[in-house]
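Need a 3D model of the following:
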Amino acid sequence: MKIKKGDTIEIIAGKDHGKRGEILRVIPKTSRVVVQGLNLRKKHQRAKPGATPSGRQMAPEILQFEGSMDASNVMLVCPKCDNKTRVGYQQTEAGHVRVCKHQECQAVID
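Numbering: from 1, shown residues only. The predicted model follows:
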């Protein structure tokens, strides 16, 4: 995948279209990413008797968390030109590095 943990991305499809966030987790096996503060989901947690160390019942609650989304719905934001961009690779002495594909920019992302 051309996106890594810690990258800033912009969402290009879905309910959060146009919003930016940071990658928290990358799941390459299923080609999905988790973005901080975006694609929020809710889970209704049922009460569990005796779940705490003191033996008290755990209260029911509604948990909110970031859901995963397909990596094709996000684009990397170039740190230099601050535009969403496709990612290319160049060979250097240190190995492969990711580069911005904009004609004006061509900045190294890594």
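
ok, Asn39 - contacts?
Taking CB atoms under 8 Å, 6 or more residues apart in numbering, we find Asn39 in contact with Gly14, Lys15, Asp16, Glu66, Gly67, Ser68, Met69. For every residue, glycine as well, the C-beta is placed using N, CA and C.

any idea of the pLDDT on it?
You'll see Asn39 listed with a pLDDT of 93.

Any quick ChimeraX command for the buried ones out of the contacts of Asn39?
The command below creates a ChimeraX selection of those among these that count as buried (16 or more other CB atoms under 10 Å):
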select :16,66,68,69
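
could I get the contacts of Asn39 as CSV with pLDDT, secondary structure and distance to Ile109?
Conversion of the contacts of Asn39 to CSV gives the following (pLDDT from 0 to 100; DSSP: H, G, I helix; E, B strand; the rest coil; distance: CB to CB, whole Å):
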residue, pLDDT, secondary structure, distance to Ile109
Gly14, 89, coil, 24
Lys15, 91, coil, 27
Asp16, 92, coil, 23
Glu66, 95, strand, 23
Gly67, 94, coil, 26
Ser68, 95, strand, 23
Met69, 95, strand, 21
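
Dump the contacts of Asn39 to a markdown table, plus distance to Arg46.
Shown next, in a markdown table, are those (distance: CB to CB, whole Å):
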| residue | distance to Arg46 |
| --- | --- |
| Gly14 | 29 |
| Lys15 | 27 |
| Asp16 | 28 |
| Glu66 | 22 |
| Gly67 | 20 |
| Ser68 | 23 |
| Met69 | 27 |
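
Tell me which two of the contacts of Asn39 sit farthest apart.
Spanning the widest gap among the contacts of Asn39 are Lys15 and Ser68, at 14.4 Å by CB to CB.
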